[in-house]
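In: build me a model from this:
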Amino acid sequence: MQDMRRRDFLFAAVGSAGLLGASGLLDRASAYASILAEASAHVYTRRNVYCLTATSPEIMAYKKAIGLMRALPATNAVSWLAQANIHGAFGPPARMIANACQHNQTFFLSWHRMYVYFFERIVRKQFGTSSFALPYWGYAPAGRRDLPPMFRTPTAGNALYDGTRSAAINAGTPITASLVDSGAALAQTSFWNFTNTLNGTPHGAVHIACGGNMTQFATAGQDPIFWLHHCNIDRLWEVWLDSGGGRVDPTGDNTWMTTSFDFYDENGATVSLTGAQVVDIACQLRYQYENSLCGRRVVLDPDWWKHLTSLRLPAAAVTAKLDTLGRRPALPDSVLVAQSLAALRLGGKPVETTLPITDEGKARIAALERDPQGGARIDLVLDGVTVDGTPAAAYEIYIDLPAGAAADYRGPHFVGILNLFGASTRDAHQDKREAQIVPLTLAFLQLRAARLWSEDSVRVTFVPRGLTEGADPAKRLGAATPVTIGRVTVVVR
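Out: Below is the predicted model:
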C-alpha cells in the first residue's frame, strides 16, 4: 500500500465509492460527482525554463507581474516585498507575515511548497494570465547550469534581472557541476535523509552560487530566480517519490502532517496549509511538472538518473539495507560517535579533520545493520557554521577520502556540500542558523561494502570549489579563511 502513487488514490476512490455510501459517510451519487469534479479541474503544468524563450507566455507574464508587484507598498500582501518578506526580511512592516522560512529542519520541503504555490496563484490572478504556471530552473550537472538568458539581460524594463548577483552568474558562466547535482539526495530512501541532503545540495549550493540577494535568508525572495529555483527543488521532491524503492512522504508523522503555516493568497487574505494538504500536487494543488527534456515524454527506467545527476546509483544490496535502516525508529537520544575538539576555519585549500570514534560509537555502528534498536541512521552534524561576508567558494564534504585520492563528487566518499546559505554574518536571521545535518548512512554502507570505512575514526575533508565553472577559490581567497564551523560531530540516531 505504501508504494501506491498518491494520485492513484483518486481512481481507487471510484471503486470504493459504493462502500462509502453504504457506511453512511457519503452516498454513491455524491461520491461520483465529487470525483468527476476533481478529475475535470484544470491542472497547471510547470515547465523547464530552459525550454522557454524571452517571449514565451510564462516569461512575459512573470515579467509583467514582477513590475506591477514592485510598484505596490510592502504593506500590500500581494506586493513583491511582502511576498519576499515572508521568507526573510531586515525590517518588515508590523503585523505582516515575515521571517517565516523553514530550513535545516522537518518542514523545509512542505513549507516552501506552500510558499511557491501561493506566490504562483498571486501572479496568475492579480498580474499574469489565467493559464500561468511558474517555470522551474532545470539545472543538471551534465546539462545546462547557467542562469537562464532572460534573467541576465540588463536592459531597461527587464524585471528578471538582478544586479546584485555575481558578475559571473549574470554573464552566463555555468555553475560548478557538483553544486547542482541532486544525486546524493535522490539516492536516499528515507524522507528525512532526502530532505536534509537536498537542503544543502543543490538548494543551498545554488543560492550561494548566484550571489547577491540569493545568499541571505533576508533578501533571497527579492531575486526573481529564487522562485524558479524553489520550483525546481519542489520538482525534485516529486522526482524522488516517482523513483520508487520505498520512497514515501512521512504521512505517519502527525507533527509533519498537521502543523500549519500562514501565507497570503491571491486576494491578499491570510490562509493556512498543513503537510497533509500538500502531499498530492495534482489533486490537491492543481499543478504538475513537465519533464526535463522539454516536452519529450520520458518513461522512468534504470537510465533515468543520467538526466538529473552524475552520481552512480548505489548497489542493490546497499539500497536494500539503506531502506531497512531508514524505516527504523530513531533512538530517544543521539549517541555520540565522534566529535571535533576545535573549530575549523575554511579558506581556499582543503581542510581535513580526523574524529576518533568513541567505544560506544564503535559498538553502535557495529550493531547498526543487525540490531533493530541500534539506531536508524548515522549523521554528520555541523554546528556554528558562519561566513565572514558573502561566500566566495563552496565546500564539498568527503568521508574517509584516501590520502592522495582525487576528490570526486560522483564517488562514494562524497556526502554533500556545506550549506552556506544564510550563514553570512551580515544576515539578520541569527536565530535561523540551526545545526546542519548531513546524512552519512548511505556513505557508511557503500564504504563498508567496499572495505573503505575506517573502524577507528571518521575523517572529514572539506574541499573548496569555485562557485562557477573555472573559478579558482585558492586565487580568490588567498590566505583568508572566512568560513567557520564551530563543531563537527558524528552521531547515531
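
In: which helices and strands sit right next to the lengthiest helix in the chain?
Out: Ranked by residue count, the top helix of the chain under DSSP state H comes out as helix 225-242. In terms of contacts (3 or more C-beta pairs under 8 Å, 6 or more residues apart in numbering; DSSP states H and E), helix 225-242 is packed against helix 108-122, helix 183-186, helix 191-198, helix 205-210. The way it works is simple: take the backbone N, C-alpha and C, and place the C-beta from them, glycine included.

In: strands of the stretch 301-450 of the chain, start to end?
Out: With DSSP state E, counting those that start in this stretch as the criterion, the stretch 301-450 of the chain has strands at 335-339, 344-346, 351-356, 378-387, 394-399, 414-417, 436-439.

In: dump those into JSON lines; add mean neighbour count as well.
Out: Shown next, in JSON lines, are the strands of the stretch 301-450 of the chain (neighbours: other C-beta atoms under 10 Å):
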{"stretch": "strand 335-339", "mean neighbour count": "20"}
{"stretch": "strand 344-346", "mean neighbour count": "18"}
{"stretch": "strand 351-356", "mean neighbour count": "15"}
{"stretch": "strand 378-387", "mean neighbour count": "21"}
{"stretch": "strand 394-399", "mean neighbour count": "26"}
{"stretch": "strand 414-417", "mean neighbour count": "26"}
{"stretch": "strand 436-439", "mean neighbour count": "26"}
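
In: ok, back up a step: distance to residue 94 added to the helices and strands packed on helix 225-242, as CSV?
Out: Listed next are the helices and strands packed on helix 225-242 as CSV, based on distance: least, C-beta to C-beta, whole Å:
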stretch, distance to residue 94
helix 108-122, 21
helix 183-186, 38
helix 191-198, 33
helix 205-210, 28
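
In: okay, those, which one's buried deepest?
Out: Neighbour counts (mean count of other C-beta atoms under 10 Å) averaged over each of the helices and strands packed on helix 225-242 peak at helix 205-210, with a mean of 27.

In: neighbouring contacts of it?
Out: Residues outside helix 205-210 that contact it (C-beta atoms under 8 Å, 6 or more residues apart in numbering) are 139, 147, 165-166, 169, 175-176, 178-180, 214-215, 220, 223, 225, 229, 391, 394, 417, 419-421, 467-468.

In: coming back round to it: which of the strands of the stretch 301-450 of the chain comes out lowest on mean pLDDT?
Out: When these are compared by mean pLDDT, strand 335-339 comes last with a mean of 91.

In: run the chain-centre distance for that one.
Out: Averaging C-alpha positions (C-alpha atoms, centre = their mean, to the nearest Å) puts strand 335-339 27 Å from its chain's average.

In: give me the contacts around stretch 155-171.
Out: For stretch 155-171, the external contacting residues (C-beta under 8 Å, 6+ apart) are 59, 62-64, 66-67, 70, 147, 150-154, 175, 209-214, 219, 222-225, 467-468, 471.

In: so for that stretch, mean pLDDT?
Out: Predicted confidence along stretch 155-171 averages 96 (mean pLDDT).

In: what is the end-to-end distance of that stretch?
Out: Taking C-alpha to C-alpha, to the nearest Å, the first and last residues of stretch 155-171 lie 13 Å apart.

In: with stretch 407-420 instead?
Out: Terminal residues of stretch 407-420 lie 20 Å apart, using C-alpha to C-alpha.

In: repeat for stretch 181-190
Out: One end of stretch 181-190 to the other measures 18 Å (C-alpha to C-alpha).

In: renumber starting at 43 from here on
Out: From this message on, residue numbering opens at 43, which makes the last subject stretch 223-232.
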